[in-house]
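1. Please find the sequence and the predicted model below.
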Amino acid sequence: MPQFFKENNAFVTTVLDQLNTESIEQYKAEERSAMAYRVAVTRFRLMELLNIMSRDTVPSRKTAIADRPVK
């Protein structure tokens, strides 16, 4: 089966032998739903991070070096 990695052939064969088509389709739908949820959550977290970064002020290199503690 070209859509699978050859290293997974034994696993794919076992699944196809043991599960019926309806069960496989159900697992595929559940996995797609879980992936969509992860994408949505990640997008929200990324937007939050970008918003925080846009409000943050970063000192100039000269100021950062001047404020560095002396050893």
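-> Done, it's in.

2. how far is the helix or strand bottoming out on mean pLDDT in the chain from where the chain is centred?
-> Least confident helix or strand of the chain, by mean pLDDT, DSSP states H and E, is helix 61-66 with a mean of 73. Mean C-alpha position of helix 61-66 versus that of the full chain (CA atoms, centre = their mean, to the nearest Å) differs by 36 Å.

3. Which strands and helices lie in contact with that helix?
-> When contacts are defined as 3 or more CB pairs under 8 Å, 6 or more residues apart in numbering; DSSP states H and E, helix 61-66 packs onto no helix or strand at all. Quick note: C-beta positions are derived from backbone N, CA and C, even for glycine.

4. buried ones in that helix?
-> For helix 61-66, the neighbour count (16 or more other CB atoms under 10 Å) marks no residue as buried.

5. So what touches that helix?
-> The contact list for helix 61-66 (CB atoms under 8 Å, 6 or more residues apart in numbering) is empty.

6. which helix in this protein runs the most residues?
-> Longest helix of the chain, by residue count under DSSP state H: helix 21-55.

7. mind checking how far it is from the chain centre?
-> Per CA atoms, centre = their mean, the centroid offset for helix 21-55 relative to its chain is 7 Å.

8. So for that helix, mean pLDDT?
-> Helix 21-55 shows a mean pLDDT of 94.

9. related to what we said a few turns ago, output the least confident helix or strand of the chain in CSV, but only the C-alpha positions, please.
-> Extracted C-alpha coordinates of helix 61-66, given in CSV (Å, rounded to 0.1, in the frame of the first residue of the first chain):
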residue,chain,number,x,y,z
ARG,A,61,21.4,46.6,22.6
LYS,A,62,23.2,49.5,24.2
THR,A,63,20.8,49.7,27.1
ALA,A,64,20.8,45.9,27.6
ILE,A,65,24.6,45.9,27.8
ALA,A,66,24.7,48.9,30.2
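
10. what number of residues lie near residue 15?
-> Summarising burial for residue 15: neighbours were counted as other CB atoms under 10 Å, giving 13.

11. Sweet, I'm off.
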